[in-house]
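Novice: 3D, please:
(one chain, ligands or ions: 3)
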Amino acid sequence: RNKIALLVPLAVICRDSPQQLVGVVGLEIHAQIRSNTKLFSASAVRFSSPPNSLVSFFDASLPGTLPVLNKRCVEAAVMTGLALNCTINQKSLFDRKHYFYADLPAGYQITQQRRPIAVDGVLNYSLMGGKKKKNQVVRKSARITQIQLEQDSGKSLHDDLQSQTLIDLNRAGVGLMELVMEPDMSCGEEAAAAVRELQLILQALGTCEGNMSEGQLRVDANVSVHRPGQPFGVRAEVKNINSARNLARAIDYEIQRQIQVLESGGTVQNETRAYDSKTGIFFLCSRFMPDQAVVVQEIRDRLPELPHVTRDRLVHAYNILPEHSFTLVNEDGLVEYFEAVMKQTRMNARKVIGWVTNELLGQLKQQDGSVGQSPISPSALAELLELQETGQISSSGAKQVFQEMWRSPGKTARLIVQEKDLGLVSDTEQLHGICQRIVDSHPEEVNAIRKGNKKVLNKLMGLVQKETKGRADPVLVQAILQDKTS
Ligand SMILES: Nc1ncnc2c1ncn2[C@@H]1O[C@H](COP(=O)(O)OP(=O)(O)OP(=O)(O)O)[C@@H](O)[C@H]1O
Ligand SMILES: [Mg+2]
Ligand SMILES: [Mg+2]
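Specialist: Ligands and ions are numbered 1, 2, ... in the order given. Here you go, the predicted structure:
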């Protein structure tokens, strides 16, 4: 069950060329449904609880117990299906998938195969690419064959010292959505971008927490290679991947491996699981209860703003670049932070983006922190930006203040400007004096300016700023220097 992929960082270029063998990738994604109770029983769903403390008779498959379908799980799957442009089947059926494994006490998993809850969807996602590489948003899509509701299995805990395996059934019966996708992708980078987008959508919907390292989102990658125009090759399955980055690496490694196998005259083996005989239908026999009805239209009305809509909205509302909308949406809490700052400052959005993505994210990345842990609140940052915007401090001064605010949380920008004497020097007389000294000591530059080389003026402005440690009011300095060199 635990095929471990050997991970070697390799990049596969996502490009079609008629002679070359290229990768074909289809994902199966298991998303644990965010719900208080399991799919068919009232046991609680919780992580890191004592082993076997969340197990009802049904979860342990004791005879005489019956499943009761959890409405919340159905709603989550319907909502996810709607967000992914699926058709919702008004009537769907459960099937039994029989296989024998210690952490599956019934000997079968209740899943959906023939008539799943949602079908025919599409996941739209984007990559950073383009000719100049990585500065253009390239839009892609991958079709979703179906979304099926199914039970999670228990967990096997291997005790190597005593060479025995212990079973924890806390996870047995937790609701999963399996998203089966068409083989529409061609390399690891695409798969990773698609999974990241899906993760954002699930989190926006609240139907799955989407944490890959905790196993809430598990991705199996089916990988094959072929020559474009030819039928697909035999697929191998790569499992147990715990991050989007490792997913990309594992897929690219597998594509390269298969290309090498084929080019050296070998054949790719279809590595399938031993336990997937798909027999038997399971009917959920229950009386119709009106309060248990799931109304698709009601869920459609409740859909929250999805990540691609958020990105479009940000681009239009603030006139920012598409790539910046990706940065904002990708970082948990950053959209809210940015919009809160925007409400409280007159500074232009693109300048604010610079502050948020360079200064704020830069600091957070250094400390491996999240936006929620920023010692500088949106309103504190807005206050600082206002000082810059109204010409009370220069942009380099503002950056110094930012660093100081980071070090001493609670101190306002205004206070730091006072304490450190970082305010802009706009005392005309004082600036006149400084400018005169610079003009007197640089006759060649002044001559060049008088002959029409206006660029040299910037050099003089730089010298004034050097003398005032970047605190001179740039507008005033420019006016004074222009006057003195005309
Ligand atoms: N030639 C191929 N190359 C790459 N991927 C493929 C190819 N053919 C099918 N796939 C992908 O394989 C996956 C098949 O998933 P599906 O759940 O239907 O069957 P399974 O893998 O046999 O079942 P299980 O759920 O037990 O893993 C899909 O994601 C599909 O896109
Ligand atoms: Mg599979
Ligand atoms: Mg499958």
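Novice: so for the helix ranked longest in the chain, what gets flagged as buried?
Specialist: Under DSSP state H, the helix in the chain containing the largest number of residues is helix 244-263. For helix 244-263, a neighbour-count test (16 or more other CB atoms under 10 Å) marks 244, 246-259, 262 as buried. Placement of C-beta: from N, CA and C, glycine included.
Novice: just stretch 428-443 next, same as before
Specialist: Residues of stretch 428-443 classed as buried: 431, 434, 435, 438, 439, 442 (neighbour count, 16+ other CB under 10 Å).
Novice: out of the residues you listed, which sit inside helices?
Specialist: Using DSSP H, those in helices are 431, 434, 435, 438, 439.
Novice: which of the buried residues of helix 244-263 are close to ligand 1?
Specialist: By CB under 6 Å from any ligand atom, no member of these lies near ligand 1.
Novice: so what's the residue count around the nearest residue to residue 55 once chain neighbours are set aside?
Specialist: Once flanking residues are discounted, residue 55 sits nearest to residue 169: 4.5 Å by CB to CB, 6 or more residues apart in numbering. The tally of other residues near residue 169 (other CB atoms under 10 Å) stands at 22.
Novice: thought residue 120 was touching residue 87?
Specialist: Yes - applying CB atoms under 8 Å as the test, residue 120 and residue 87 come out as touching, 5.1 Å apart.
Novice: near whatever residue of the stretch 51-200 of the chain ends up closest to ligand 1, how many other residues are there?
Specialist: Ligand 1 sits closest to residue 183 of the stretch 51-200 of the chain, with a gap of 3.7 Å, by CB to the nearest ligand atom. A total of 19 residues lie near residue 183 under the criterion other CB under 10 Å.
Novice: who are the contact partners of it?
Specialist: Listed by CB atoms under 8 Å, 6 or more residues apart in numbering, the contact partners of residue 183 are 24, 25, 26, 222, 224, 232, 235.
Novice: doesn't residue 126 lie inside a strand?
Specialist: Yes - counting by DSSP: H, G, I helix; E, B strand; the rest coil, residue 126 is found in a strand.
Novice: beta partners of it?
Specialist: residue 139 (DSSP bridges).
Novice: how near is residue 126 to residue 29?
Specialist: Distance of residue 126 to residue 29, given as CB to CB, to the nearest Å: 18 Å.
Novice: residue 167 too?
Specialist: 25 Å.
Novice: repeat that for residue 148.
Specialist: Using CB to CB, residue 148 is found at 11 Å from residue 29.
Novice: can you check residue 308 too?
Specialist: In terms of CB to CB, residue 308 sits 18 Å off from residue 29.
Novice: neighbour count for those two, which is higher?
Specialist: residue 29 (24 against 17).
Novice: what strand or helix carries that one?
Specialist: strand 22-32 (DSSP states H and E).
Novice: CA atoms of that strand as CSV?
Specialist: The C-alpha trace of strand 22-32 is given here as CSV (Å, rounded to 0.1, in the frame of the first residue of the first chain):
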residue,chain,number,x,y,z
VAL,A,22,5.6,13.6,-23.1
GLY,A,23,3.9,13.1,-19.8
VAL,A,24,0.2,12.5,-19.1
VAL,A,25,-1.0,13.1,-15.6
GLY,A,26,-4.4,12.3,-14.1
LEU,A,27,-5.0,13.0,-10.4
GLU,A,28,-7.3,11.3,-7.8
ILE,A,29,-7.6,13.5,-4.8
HIS,A,30,-9.0,12.5,-1.5
ALA,A,31,-10.3,15.5,0.5
GLN,A,32,-11.4,14.9,4.1
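Novice: do it and ligand 1 meet?
Specialist: Yes - interface with ligand 1: strand 22-32 contributes 24, 25, 26, 27, 28 (CB under 6 Å from any ligand atom).
Novice: so what's residue 83 up against?
Specialist: For residue 83, the contacting residues are 201, 204, 205, 303, 306, by CB under 8 Å, 6+ apart.
Novice: check these against ligand 1, which are close?
Specialist: Within the contacts of residue 83, nothing lies near ligand 1 by CB under 6 Å from any ligand atom.
Novice: residues in contact with residue 107?
Specialist: Applying CB under 8 Å, 6+ apart, the residues near residue 107 are 61, 98, 99, 100.
Novice: ok, of these, which one's closest to residue 188?
Specialist: Comparing these against residue 188 with CB to CB picks out residue 99 as the nearest, at 28.9 Å.
Novice: just checking, next helix/strand downstream of the helix or strand containing residue 199?
Specialist: Residue 199 belongs to helix 188-205 when assigned by DSSP H and E. Using DSSP H and E, the helix or strand that directly follows helix 188-205 along the chain is strand 217-226.
Novice: how about that next one, does it reach ligand 1?
Specialist: Yes - using CB under 6 Å from any ligand atom, strand 217-226 comes into contact with ligand 1 via 222, 223, 224.
Novice: who wins for neighbours among these?
Specialist: residue 223 leads the residues of strand 217-226 next to ligand 1 on contacts (other CB under 10 Å) with 28 neighbours.
Novice: who's in contact with the closest residue to it other than its chain neighbours?
Specialist: Leaving aside its chain neighbours, residue 223 sits nearest to residue 254 (4.4 Å; criterion: CB to CB, 6+ apart). Neighbouring residues of residue 254 by CB under 8 Å, 6+ apart: 5, 221, 223, 236, 238.
Novice: of those, which is the most crowded?
Specialist: That'd be residue 223 among the contacts of residue 254, by other CB under 10 Å, with 28 neighbours.
Novice: what does the pLDDT read for it?
Specialist: Looking at residue 223, its pLDDT stands at 95.
Novice: hang on, the earlier thing: can you lay out the residues of strand 22-32 next to ligand 1 as JSON lines showing pLDDT?
Specialist: Formatted as JSON lines, the residues of strand 22-32 next to ligand 1 follow (pLDDT from 0 to 100):
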{"residue": "24", "pLDDT": "97"}
{"residue": "25", "pLDDT": "97"}
{"residue": "26", "pLDDT": "98"}
{"residue": "27", "pLDDT": "97"}
{"residue": "28", "pLDDT": "96"}
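Novice: any idea which of those residues has the most stuff around it?
Specialist: Busiest of the residues of strand 22-32 next to ligand 1 [other CB under 10 Å] is residue 25, holding 28 neighbours.
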